[in-house]
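[1] give me the fold of what follows.
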Amino acid sequence: MQTSALAALDRSHLIHPVASFREHEELGPIILKSGQGAYLTDHQDKQLLDAFSGLWCVNTGYGQESVIRAATEQMQRLPYATGYFHFASEPAILLAKKLVDISPASLKHVYFTLGGSDAVDAAIRYITHYHNSIGKPAKKHFISLQRGYHGSSSVGAGLTALPNFHYHFNLPLPTQHYLPSPYPYRSELQGDEAIIAASVQSLRDKVDELGADNVAAFFCEPIQGSGGVVVPPKGWLKAMQLACNQLDILFVVDEVITGFGRTGPMFACLDEDVQPDLMTMAKGLTAGYAPMGAVMMSDRVYNGIADGAPMSTVVGHGQTYSAHPVSAAVALEVLRLYEEGGLLENGRRLEPVFAGGLRALLDHPLVGDARSRGLLGALELVADKQTKARFAPELKLHDRIFQVAYRHGLVFRAFGDNILGFAPALCYTQEDFALMFARLRAILDEVLAQPEVRAALR
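    From the prediction side, this is the model:
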């Protein structure tokens, strides 16, 4: 079908996530046609270098034939199997065991979801069930971080601390609370230890305010993704875990973005020997080739739920496509590619190239900060490097950057507060990075040359 006809149908019928309905009707879609390796091709046959792995998820790159074969063979053998009524399928069982093997030692049990948002939602439901089961029904308050992102389910979006996910949704709930983000570039504190100590104290103060007997859990990302790729100091995550343990509140790590090699190791938790009570994951689990997420839980949480009611009483949480055999088969092959296929090692080997390319752009007049861990990074654009003043929203700098970037054939995330997010696939080569940074500098130069942008610089 012709692009114009598809665009008209899209405008009329397809609702796009996290978009203004009316604005999308005006702008129309960018229709993607194919992908191979780190590259996409749109419906106009324009080739694009994807520096964002789809939506932080295509960690393997596009067109991995072994993943396609795994999905095809599983579809031919058994395209669907319910997990209800004690049914199971071989791929789901093997995947659960594999995840336990590669995750922090505290995590022994897996519930499969369709993605990250419902993994967070499942975690909230299980946490509520757990505290009721162990006789602590007052524990109903949840704490997360400013700038945090924990999906867009009806309740999980309240743990997300981004205004667009609350507007007209009656969120956050009265039981949802936020701590300051551990944001080194914007912090008034000097040094990593001071930032870590301040976060721990903020958690203690909030728990004291609410009452320890009323707080159920603390949710956090090892690196804040959709909040602007905020990279906390090394040691921050472990310090928050230990504080939660001391305060007797559950510690939940959201690795939906950071998992599966994105920050270097299989999970960011493993860098600091962090032992969560629960952990959510998705995205890189299947590298976006099929929908799947998961929430993992410790023996402590699992046994608390299991022993909280008579044996005949079911735990009333489930989804039709939980533990879907095709998604599980895809995930098993994707995990093999990370390990045996060398993708994790390639990502670790090229991390200095990525980090160095970002930091080399600190000399650009628009760039105030460059930050990264593994192959997850950001540039923060500022109107004044000395004061770190942001550009006025009316300038719509992020829209200008996106439009110029597309013309230059580079895809990345331009956040509304003028942070540029990058998550290149683990299959990137030296040549891919050279092209990415050449195009990125050209994009920044072209945007800087616009009179309105140059006039906004201080």
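
[2] does Gln241 touch Asp273 like I think?
    No: because the distance of 9.3 Å does not satisfy C-beta atoms under 8 Å, Gln241 is recorded as not touching Asp273. C-betas here are computed from N, CA, C, even on glycine.

[3] quick one: which of these two has more around it?
    A count of neighbours by other C-beta atoms under 10 Å puts Gln241 above the other of Gln241 and Asp273, at 23 against 11.

[4] which element, helix or strand, includes the more buried one?
    helix 236-247 (DSSP states H and E).

[5] which residues sit against that helix?
    182, 192, 195-196, 199-200, 203-204, 207, 212, 215, 218, 220, 222, 250-251, 253, 268-269, 272-277 (C-beta atoms under 8 Å, 6 or more residues apart in numbering).

[6] now swap in stretch 301-319 and tell me
    Contacts of stretch 301-319 (C-beta under 8 Å, 6+ apart): 83-84, 108-109, 111, 113-114, 118, 122, 125-127, 129-130, 132-134, 250, 277-278.

[7] let me see the mean pLDDT of it.
    For stretch 301-319, the mean pLDDT works out to 95.

[8] one more: stretch 451-458?
    Stretch 451-458 comes out with an average pLDDT of 94.

[9] contacting residues for the closest residue in space to Gln275 that isn't next to it in sequence?
    Sequence neighbours aside, Ser106 is the residue nearest to Gln275 in space, at 3.8 Å (criterion: C-beta to C-beta, 6 or more residues apart in numbering). Applying C-beta under 8 Å, 6+ apart, one finds that Ser106 lies in contact with 275-277, 298.

[10] ok, so of those, who is nearest Phe412?
    Among the contacts of Ser106, Pro276 lies closest to Phe412 (C-beta to C-beta), at 29.5 Å.

[11] against Gly374, how distant is the closest one?
    As judged by C-beta to C-beta, to the nearest Å, Pro276 and Gly374 stand 19 Å apart.

[12] equivalent analysis for Val453, please.
    As judged by C-beta to C-beta, Val453 and Gly374 stand 31 Å apart.

[13] and the contacts of helix 236-247, which of them are buried?
    Neighbour-count burial (16 or more other C-beta atoms under 10 Å) applied to those gives 182, 195-196, 199-200, 203, 207, 215, 218, 220, 222, 250-251, 253, 268-269, 272, 274-277.

[14] let's see which of those end up in helices.
    Among the buried ones among the contacts of helix 236-247, the ones falling in helices (DSSP state H) are 195-196, 199-200, 203, 207.

[15] now flag whichever of those residues is closest to Glu90.
    Glu90 has its nearest neighbour among those in Leu203, at 42.2 Å by C-beta to C-beta.

[16] for that closest one, report the pLDDT, please.
    For Leu203, the model assigns a pLDDT of 98.

[17] who are the contact partners of the residue nearest the centre of the chain?
    Per C-alpha atoms, centre = their mean, the C-alpha nearest to the average position across the chain is that of Ile257, at 2.6 Å. Contacts for Ile257 (C-beta under 8 Å, 6+ apart) come out as 56, 221, 223, 225-226, 283, 376, 423.

[18] quick check: it vs Pro172, distance?
    The gap separating Ile257 from Pro172 is 21 Å, by C-beta to C-beta.

[19] what of Thr72?
    Taken as C-beta to C-beta, the span from Thr72 to Pro172 is 43 Å.

[20] the more surrounded of the two?
    Taking other C-beta under 10 Å, Thr72 and Pro172 do not tie; Pro172 has more neighbours (19 against 12).

[21] in stretch 312-325, what counts as buried?
    Within stretch 312-325, the residues scored as buried using 16+ other C-beta under 10 Å are 319, 321-325.

[22] show me those residues that map onto helices.
    Of the buried residues of stretch 312-325, the ones assigned to helices by DSSP H are Pro325.

[23] between the buried residues of stretch 312-325, which is nearest Cys427?
    Closest approach between the buried residues of stretch 312-325 and Cys427, by C-beta to C-beta: His324, at 25.1 Å.

[24] spell out which residues make up each domain of this structure.
    31-63+342-456, 66-340 (the TED database).

[25] out of those domains, flag the one nearest Leu6.
    Closest approach to Leu6 among the domains of the chain (C-beta to C-beta): domain 31-63+342-456, 5.7 Å.

[26] convert the C-alpha atoms of the helix or strand where Ala329 lies to PDB, please.
    Using DSSP H and E, Ala329 maps to helix 325-339. Extracted as PDB, the C-alpha positions of helix 325-339 are listed here (Å, rounded to 0.1, in the frame of the first residue of the first chain):
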ATOM      1  CA  PRO A 325       5.700 -20.200  24.600                       C
ATOM      2  CA  VAL A 326       6.700 -18.300  21.500                       C
ATOM      3  CA  SER A 327       8.000 -15.300  23.500                       C
ATOM      4  CA  ALA A 328       9.800 -17.700  25.800                       C
ATOM      5  CA  ALA A 329      11.500 -19.400  22.900                       C
ATOM      6  CA  VAL A 330      12.500 -16.100  21.500                       C
ATOM      7  CA  ALA A 331      13.900 -15.000  24.900                       C
ATOM      8  CA  LEU A 332      16.000 -18.200  25.300                       C
ATOM      9  CA  GLU A 333      17.600 -17.600  21.900                       C
ATOM     10  CA  VAL A 334      18.200 -13.900  22.700                       C
ATOM     11  CA  LEU A 335      19.900 -14.800  26.000                       C
ATOM     12  CA  ARG A 336      22.100 -17.300  24.100                       C
ATOM     13  CA  LEU A 337      23.100 -14.500  21.700                       C
ATOM     14  CA  TYR A 338      24.000 -12.200  24.700                       C
ATOM     15  CA  GLU A 339      26.300 -14.900  26.200                       C
END
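
[27] list the contacts of Gly151.
    Counting by C-beta under 8 Å, 6+ apart, the residues that Gly151 touches are 115-121, 157, 160, 256.

[28] swap in Val231?
    Listed by C-beta under 8 Å, 6+ apart, the contact set of Val231 reads 184, 223, 371-373.

[29] Lys234: which element?
    Per DSSP H and E, there is no helix or strand for Lys234.

[30] tally up the residues packed near the spatially closest residue to Ala81 that is not a sequence neighbour, please.
    Among residues not flanking Ala81 along the chain, Ser89 sits closest, at 4.0 Å (C-beta to C-beta, 6+ apart). Using other C-beta under 10 Å, Ser89 has 21 other residues around it.
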